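Undergrad: Can you look at this prediction? I've put the sequence above it.
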Amino acid sequence: MAARGRVTIREVAQRAGVSPATVSRVLSGNYPVPPATRTRVLRAAQSLDYVANAHARALVGGGRNTVAVILRQVTNPFYAQVAEGVEAEAADHGRLCLVSSTGGSAHREMELVQLMREEGAGLVILVGGIIEDDAYRKRVARYAQALDAAGARLVLCGRPSPAPELPLLVVEFDNEAGARAITSHLISAGHRRIVFLGGLPGNTALDARVAGYRAALAAHGLEPEATDVIDCGLGRSRGHHSMSQLLSERADFTAVVAGDDMVAAGALRAVTDAGLRVPDDLSIVGYNDIPLAQDFNPPLTTVRTPAEELGRAAVRLALRAEDDPATATRHVLGTHIVVRDSVGAPTPHRSPRIPGGLTPA
């Protein structure tokens, strides 16, 4: 028996008793269609096994079982752990997980959200801190409203909602509390001149960590002048460059709170390059507790963030909200300190390194 060719939109239209244009509108999800008409078209498409168009196939039923997670970069260990949590929880609920990255581009993020909407993804999860400006607020409001109109759900993981009335969920952890705790740990070890390395003004996650750092200094009676924030952003290379420059210019600090573990990794390397040792000459702490943090030299004292649980909770709570609209729209997870070997007592007599390997006489 000859194989049957692919079903066309015209055949679906004929079965549903509507025009091909109406079928296209229903399957694209881009235009309002009366509920009865939409149901008739979807049933016709399903009964005919219409799969020629991936968008249509998703909207007929498969796509609603898709969870899309959009990250800044997949190579960052923290983001990778969040994605792993999303995938694991999605699998537990019989759903497919799609992972995409933006490289930090707002335009690319918009393209991916639109693509996931067209593909009929049931959940779209955006992960990571963001510069919270008017452009961000307008962009996310559009995402939330467009996805809600298509029967999907937007989840913000580790970033704020622009407005409480938007149809979305927020799942985050307490960045400020973690930074306050790790800074207090350094103060308890005797440190009073502590640098925060890795600020990025406007970034929601880093601003909260800087706030926690400042709060800890204030809580221990240190003057506002003790606050010392180096705005170098995140990444190993930025941590290395900024720490190298700091060591060549100054010797008035004894400890560093890194914006995340990758900044800490760069800072550790810069200290070694300068002929110094951690924690003998300087103490360094990180944030996130990525898997490699315990293998740094020395093993890094850091803040453990619930990265995998963040991803799991994003899926679990969004699915719960489908069944119970009264589910809370904001959920905050806790953090805690992991103490290893990168913190010691302060060393008072350390000279800055002069370029060329010399030190002051």
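TA: Ah, there it is.

Undergrad: Now do the same for Val257: helix, strand or coil?
TA: Secondary structure state of Val257, per DSSP: H, G, I helix; E, B strand; the rest coil, is strand.

Undergrad: quick one, what contacts it?
TA: By Cβ atoms under 8 Å, 6 or more residues apart in numbering, the residues touching Val257 are 179, 182-183, 186, 194-197, 209, 213, 285, 287. C-beta coordinates here come from the backbone N, C-alpha and C atoms, glycine included.

Undergrad: Going along the chain, name the strands of the stretch 151-300 of the chain.
TA: Across the stretch 151-300 of the chain, reading from the start of the chain, the strands by DSSP state E, counting those that start in this stretch fall at 153-157, 168-173, 194-197, 229-230, 255-258, 283-285.

Undergrad: export those strands to a markdown table and tack on distance to Ser244 and mean pLDDT?
TA: Converted to a markdown table, the strands of the stretch 151-300 of the chain look like this (distance: least, Cβ to Cβ, whole Å; pLDDT from 0 to 100):
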| stretch | distance to Ser244 | mean pLDDT |
| --- | --- | --- |
| strand 153-157 | 33 | 95 |
| strand 168-173 | 31 | 94 |
| strand 194-197 | 11 | 98 |
| strand 229-230 | 12 | 97 |
| strand 255-258 | 13 | 98 |
| strand 283-285 | 14 | 98 |
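
Undergrad: could I get those strands as CSV with distance to His336?
TA: Converted to CSV, the strands of the stretch 151-300 of the chain look like this (distance: least, Cβ to Cβ, whole Å):
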stretch, distance to His336
strand 153-157, 19
strand 168-173, 10
strand 194-197, 20
strand 229-230, 24
strand 255-258, 16
strand 283-285, 13
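
Undergrad: of the ones you listed, which approaches Ala313 most closely?
TA: Among these, strand 168-173 comes nearest to Ala313, with 5.0 Å by Cβ to Cβ.

Undergrad: What is that closest one packed up against?
TA: If you count contacts as 3 or more Cβ pairs under 8 Å, 6 or more residues apart in numbering; DSSP states H and E, strand 168-173 packs onto helix 134-149, strand 153-157, helix 307-323, strand 330-333.

Undergrad: what's Asp280 in contact with, if anything?
TA: For Asp280, the contact set (Cβ under 8 Å, 6+ apart) comprises 344, 347.

Undergrad: ok, so what distance separates it from Ala251?
TA: For Asp280, the distance to Ala251 (Cβ to Cβ, to the nearest Å) stands at 15 Å.

Undergrad: swap in Val229?
TA: The separation that Val229 has from Ala251, given Cβ to Cβ, amounts to 18 Å.

Undergrad: and if you look at Cys232?
TA: Cys232 sits 19 Å away from Ala251, taking Cβ to Cβ as the criterion.

Undergrad: Can you pick out the residue with more neighbours from the two?
TA: Under the neighbour definition other Cβ atoms under 10 Å, Cys232 and Ala251 were set side by side, and Cys232 has more, 22 against 18.

Undergrad: who's in contact with the more buried one?
TA: 197-199, 238-239, 241-242, 263.

Undergrad: which one is it nearest to, not counting chain neighbours?
TA: Nearest residue to Cys232, sequence neighbours excluded (Cβ to Cβ, 6 or more residues apart in numbering): Ser242, at 3.9 Å.

Undergrad: can you pull the contacts of the one you found?
TA: With contacts defined as Cβ under 8 Å, 6+ apart, Ser242 is in contact with 197, 230, 232, 266-267.

Undergrad: And these, which two are furthest apart?
TA: Ile230 and Gly266 (12.1 Å).

Undergrad: Neighbour count for these two, which is higher?
TA: Using other Cβ under 10 Å, the more surrounded residue of Ile230 and Gly266 is Gly266, with 24 against 20.

Undergrad: circling back to that earlier point, narrow the contacts of Cys232 to those that are buried.
TA: 197-199, 238-239, 242, 263 (16 or more other Cβ atoms under 10 Å).

Undergrad: so how far is Ala146 from Pro167?
TA: 10 Å.

Undergrad: er, Ile9 actually
TA: Counting by Cβ to Cβ, the separation of Ile9 from Ala146 is 23 Å.
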